[in-house]
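1. below are the sequence and a predicted model; questions follow.
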Amino acid sequence: MSEAEAARPDSFVSSFFLEIRKRVRPEHFSTWFKNASLAEVTENDLVLSVESSFVRDWIQKKYMDVLLESSLSVDGKARKIRVSSDPEKFVSEDVVKEDFDHDPEPLPTPVPARGRVLGTPLNPSLTFDNFVVGLSNNLPYAAARAVAENPGRAYNPLFIHGSVGLGKTHLLQAVCHEVLKKGTISRIRYISCEDFINQFISGIQGGSLESFRDQYRNTEMLLIDDIHLLAHKERTQEEFFHTFNHLVNAGRQVVFSSDSPPQEIPTLKERLVSRFKSGLVGEIELPDLETRIAIVKRKARIRGTEFPNDVALFIAERVKTNIRELEGAVIEVIGYSTLNDGMPIDLELAARALKPILNTGTTSATASMQDIFRCVQKTFGVTLTEIQSKRRTQTISTARHVAMYLARNYTTHSLQEIGGYMGGKDHASVLYAVRKVEQKAREDPRFKEILQKVTADLLGGLL
Ligand code: ADP
Ligand code: MG
């Protein structure tokens, strides 16, 4: 880019994403690039910033050519491309790319940048629209909405607490996005408590405490994420107390999130506790099953995919205590399907995709041998004794092979153990059976259908 162009990065950004769009299927674009932004563009380098290391790895595996070509097409520069999932580089002001979702045509002029939130960078996808509301979070959600609607007047301060991965950061950032959209307030500051503490410390050390104070006191709306980190930070608490009073007394909105209610933050000074409690304290609780299902479906839709109900239920039943992990599971399933040439997303695929995660976590998707025998007996009309016998009639062999296949895929038993259950087969026979079943499913659509049915039966019974 020339100096002049470097000064107008928007036009590069918009053209760059447009070029990517031309080269990638729409559903893949929305899965992998929807939340991407450009963290850095120079003559020689380009850093694409994405929301997770999983997405980063995926793009590195599949799309480096596309990125290089896209950059070349925009201005003929062959840049060194890097993909980063460093949250520091996750910038929020790429309005341009969002608009592409509605209008794939090139935009004639660069879209002017929206207002900005100062402090820790925002994630553009953490909006109210993307927040699923249920019984577990409707109070803090409504309060956050009210605050965005009427800053400084609804509840001040607003204090949202709940355990990790339940949407606190999402709500705080949604307030920022909403207020930005309305444009009624311009000096919004969203900051992680960690950044706040670090700024304060470097303010003290560098003798720039005054400018630190001014920055905060000039803010029209202040949101501090993870305020519980003030525990044991006596001097920062003191400083914070004054800033806080100043803002609230001036009618400026203040919003906090924390992993525990004010009175349970260790060593928090009593006057801060009572200040925090003087507005509205709302808790985000663990989401119920219905909300989890809705979240799974929403997260899939955001990535351009619809999950069938049984798949959403399968995931929601197994990942219960953390929405971040719920979202991780959705990404795994989509990734698994894409990796297998867009294989349709059904219960079997979901179970396979999530097997490594579910088996290592506290939840478990594993079937017992008993479940497997029950399903196989039902489908093939054979008895357990027959399965475990040495008889090789076609029905019995098929049933036995399917049982081994299911045991291999949906239990944690070793090949040897599985062989043991089948009446003393060795591990090679089990492997042979598994391959045979896979091959037959590829060649014979009718068999594949039966296999899917018995698998669904097995997994359905585990719900
Ligand atoms: P916390 O800050 O409480 O640890 P986050 O706000 O970072 O949690 O949420 C973790 C992940 O879960 C984020 O990707 C967020 O978008 C998602 N999430 C949390 N709650 C909801 C919800 N109600 N609807 C949709 N996504 C949610
Ligand atoms: Mg958070």
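-> Yep, that arrived. Ligands and ions are numbered 1, 2, ... in the order given.
2. for the residue nearest to residue 197 when sequence neighbours are not counted, what are its contacts?
-> Spatial nearest neighbour of residue 197, excluding adjacent residues (CB to CB, 6 or more residues apart in numbering): residue 236 at 5.2 Å. (Each C-beta comes from the backbone N, C-alpha and C, glycine too.) With contact taken as CB atoms under 8 Å, 6 or more residues apart in numbering, residue 236 is in contact with 196, 197, 200, 201, 230.
3. 7 Å instead, please
-> By CB atoms under 7 Å, 6 or more residues apart in numbering, the contact set of residue 236 is 197, 200, 230.
4. wait, the last one sits on residue 238?
-> No: applying CB atoms under 7 Å, one finds residue 230 not in contact with residue 238, separated by 10.2 Å.
5. what residues does this protein have near ligand 2?
-> 168, 169 (CB under 5 Å from the ion).
6. pick out the residue of the chain closest to ligand 1.
-> Closest approach of the chain to ligand 1 (CB to the nearest ligand atom) occurs at residue 167, with a separation of 2.7 Å.
7. for burial, what's the neighbour tally of the closest residue to that residue other than its chain neighbours?
-> Distance criterion CB to CB, 6+ apart; nearest residue to residue 167, sequence neighbours excluded, is residue 284 at 5.6 Å. Residues near residue 284, counting by other CB atoms under 10 Å, number 22.
8. doesn't residue 223 lie inside a helix?
-> No: read with DSSP: H, G, I helix; E, B strand; the rest coil, residue 223 is strand and lies in no helix.
9. now do the contacts for it.
-> Residue 223 neighbours (CB under 7 Å, 6+ apart): 172, 175, 176, 190, 255.
10. select only the buried ones of those in ChimeraX?
-> In ChimeraX syntax, the buried subset of the contacts of residue 223 is picked out as below (16 or more other CB atoms under 10 Å):
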select :172,175,176,190,255
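11. which ones among the contacts of residue 223 lie within helices?
-> Among the contacts of residue 223, DSSP state H puts 172, 175, 176 in helices.
12. please report the distance of the closest residue to ligand 2 within the stretch 251-400 of the chain from residue 283.
-> The minimum distance from the stretch 251-400 of the chain to ligand 2, using CB to the ion, falls at residue 257 (6.4 Å). Residue 257 sits at a distance of 11 Å from residue 283 (criterion: CB to CB, to the nearest Å).
13. identify the contacts common to the two.
-> Joint contacts of residue 257 and residue 283 (CB under 7 Å, 6+ apart) are residue 161.
14. neighbour count winner among the two?
-> Here residue 257 and residue 283 are compared on neighbour count by other CB under 10 Å; more neighbours surround residue 257, at 25 against 16.
15. ok but the more buried one is inside a strand, no?
-> Yes: assessed by three-state DSSP, residue 257 belongs to a strand.
16. find the nearest non-adjacent residue to it, please.
-> residue 168 (3.8 Å).
17. next: residue 82.
-> residue 47 is the one closest to residue 82 (CB to CB, 6+ apart), at 4.9 Å.
18. so the one you found touches residue 84, yeah?
-> Yes: using CB under 7 Å, residue 47 is in contact with residue 84, at 5.4 Å.
19. got any residues that touch both of the two?
-> With CB under 7 Å, 6+ apart as the test, residue 47 and residue 84 both reach residue 39.
20. what about the nearest residue to residue 457 once chain neighbours are set aside, neighbour count?
-> Closest residue to residue 457 apart from its sequence neighbours, by CB to CB, 6+ apart: residue 375 at 4.8 Å. Residues within reach of residue 375, counting by other CB under 10 Å, total 23.
21. which residues touch residue 375?
-> So residue 375 contacts 454, 457, 458 (CB under 7 Å, 6+ apart).
22. where's it, which helix or strand?
-> Using DSSP states H and E, residue 375 sits within helix 369-380.
23. just the C-alpha atoms of that helix, please, in PDB.
-> Extracted in PDB, the C-alpha atoms of helix 369-380 (Å, rounded to 0.1, in the frame of the first residue of the first chain):
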ATOM      1  CA  MET A 369     -21.700 -53.100  25.900                       C
ATOM      2  CA  GLN A 370     -25.100 -53.900  27.300                       C
ATOM      3  CA  ASP A 371     -26.700 -51.000  25.400                       C
ATOM      4  CA  ILE A 372     -24.900 -52.200  22.200                       C
ATOM      5  CA  PHE A 373     -26.100 -55.700  22.500                       C
ATOM      6  CA  ARG A 374     -29.600 -54.500  23.200                       C
ATOM      7  CA  CYS A 375     -29.700 -52.400  20.100                       C
ATOM      8  CA  VAL A 376     -28.100 -55.000  17.900                       C
ATOM      9  CA  GLN A 377     -30.400 -57.800  19.100                       C
ATOM     10  CA  LYS A 378     -33.400 -55.500  18.400                       C
ATOM     11  CA  THR A 379     -32.300 -54.600  14.900                       C
ATOM     12  CA  PHE A 380     -31.100 -57.900  13.700                       C
END
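24. past that helix, which element shows up next along the chain?
-> helix 384-388.
25. rewinding a little: so the residue of the chain closest to ligand 1 touches residue 285, yeah?
-> No: counting by CB under 7 Å, residue 167 stays clear of residue 285, with 10.5 Å between them.
26. neighbour count: the two, which is higher?
-> residue 167 (24 against 15).
27. pLDDT wise, what is the residue nearest to residue 167 at?
-> On pLDDT, residue 284 comes in at 96.
28. now it: phi and psi?
-> Dihedral pair for residue 284: phi -90, psi 120, per degrees, to the nearest 10.
29. what sits against it?
-> 136, 137, 140, 160, 162, 166, 167, 168.
30. ok, those vs ligand 2, which is closest?
-> Among these, and counting by CB to the ion, the member closest to ligand 2 is residue 168, at 5.0 Å.
31. just give the number of residues close to the closest one.
-> For residue 168, using other CB under 10 Å, the count is 23.
32. read off the pLDDT value for the residue nearest to residue 197.
-> As predicted, residue 236 sits at a pLDDT of 89.
33. also residue 383?
-> 93.
34. contacting residues for it?
-> Shown in contact with residue 383 (CB under 7 Å, 6+ apart): residue 377.
35. from residue 396, how far out is it?
-> Taking CB to CB, one finds residue 383 at 9 Å from residue 396.
36. what sits against residue 46?
-> 38, 40, 71, 79, 81.
37. oh, that last question was meant for residue 45, not what I typed.
-> Contacts of residue 45 by CB under 7 Å, 6+ apart are 79, 80.
38. how's this protein carved up into domains?
-> Annotated domains of the chain cover 3-100, 116-284, 289-358, 369-460 [automatic domain parsing].
39. which of those has the lowest mean pLDDT?
-> The stretch with the lowest mean pLDDT among the domains of the chain is domain 3-100, at a mean of 75.
40. distance from that domain to the middle of the chain?
-> Taking CA atoms, centre = their mean, to the nearest Å, one finds domain 3-100 lying 19 Å from the centre of the chain it belongs to.
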